[in-house]
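Peer 1: Model the following, please.
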Amino acid sequence: MSLSATAAGLPDLGGKTVTVVTENAYPPLQFVNPKSGKVEGWEYDAMNEIAKRLNFKVKYLNTSWDAMIQAVSDDQYQVGMDGITINDERKQKVDFSNPYMRSEQFMLVRGDEKRFSDAKSFGQIKDGLVGAQPGTTNFYVAVNNLLDGDEKNPRIKLFETFGASVQALKTGDVDVVLTDSTAGKGYVDASGGKLKLVGGSLGAEDFGFIFAKGSDIVGPINTAIAALKSDGTLDTLNKKWFLDYKLGE
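Peer 2: You can find the predicted model right below:
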């Protein structure tokens, strides 16, 4: 796999160190392995491979989701990776890489949920609660697709991390959490029947890495993403993390 950058026709970043920030709360993209205590996931594997091909060293750092986009915009970190949806509002603050993954939103509910089975039937129960992280795509899709479009709607309960919202779902403090299909499948498979996905897709989104405006590493990373797509590396990672990997085993 590790062709030298020049041999593969990719830019060579000369062994410099690049700071990459993430939250480690979005399995299987990035998370702390509950058994080993080590960080791992799809995005780590992809970024490590990109670094190898472009000849740079990665220094991984950790921050909360709500601080991440601003911190990268302020150039505190050179790259942000956190399953970040590419949208026009965020493009005003940061530059995005080309998409490395397409994701679709689904409803994650308790395994014994019988009151609703899709967005429409959820909207019809007056006391159903949604858990979400403020400022995330999941939050906005929940407000607009499950509720009435009011961001202050008391039926949406806010959590600092995605994991905390899933925990609240399990304990009955909320009734639905929106998740992309990939992370959702990981949680369902690991739940032993306590969780399930219901309803159809509530919309697709593309994920990209983020950079401070005008960053000179966007181009090289886009070149590497294209190489990983064309040689099947991204397909291999999808199989490893979304089909073969079982969260918590």
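
Peer 1: gap between the most centrally placed residue in the chain and Gly37?
Peer 2: The centroid of the chain falls nearest to Gly83 when counting by CA atoms, centre = their mean (2.5 Å). Gly83 sits 22 Å away from Gly37, going by CB to CB, to the nearest Å. Using the backbone N, CA and C atoms, a C-beta is placed for each residue, glycine as well.

Peer 1: Likewise for Ser201?
Peer 2: Look at Ser201 and Gly37: by CB to CB, they are 34 Å apart.

Peer 1: For the helix or strand of the chain with the lowest mean pLDDT, which helices and strands make contact with it?
Peer 2: Every helix and strand of the chain was ranked by mean pLDDT, DSSP states H and E. The lowest is helix 181-190, at a mean of 81. When contacts are defined as 3 or more CB pairs under 8 Å, 6 or more residues apart in numbering; DSSP states H and E, helix 181-190 packs onto strand 101-110, strand 195-198.

Peer 1: just the ones you listed: most buried one?
Peer 2: Compared across the helices and strands packed on helix 181-190, strand 101-110 shows the largest average neighbour count, a mean of 21 (mean count of other CB atoms under 10 Å).

Peer 1: Partner strands of that strand, with direction?
Peer 2: strand 176-180 (antiparallel), strand 195-198 (antiparallel), strand 204-212 (antiparallel) (DSSP bridges).

Peer 1: hey, where'd the strands end up in this structure?
Peer 2: For the chain, the strands defined by DSSP state E occupy 17-22, 25-26, 30-32, 39-40, 57-62, 79-85, 94-96, 101-110, 130-132, 156-158, 176-180, 195-198, 204-212.

Peer 1: Out of the ones you listed, which gets nearest to Ser230?
Peer 2: Nearest to Ser230 among the strands of the chain is strand 101-110; the distance by CB to CB comes to 15.4 Å.
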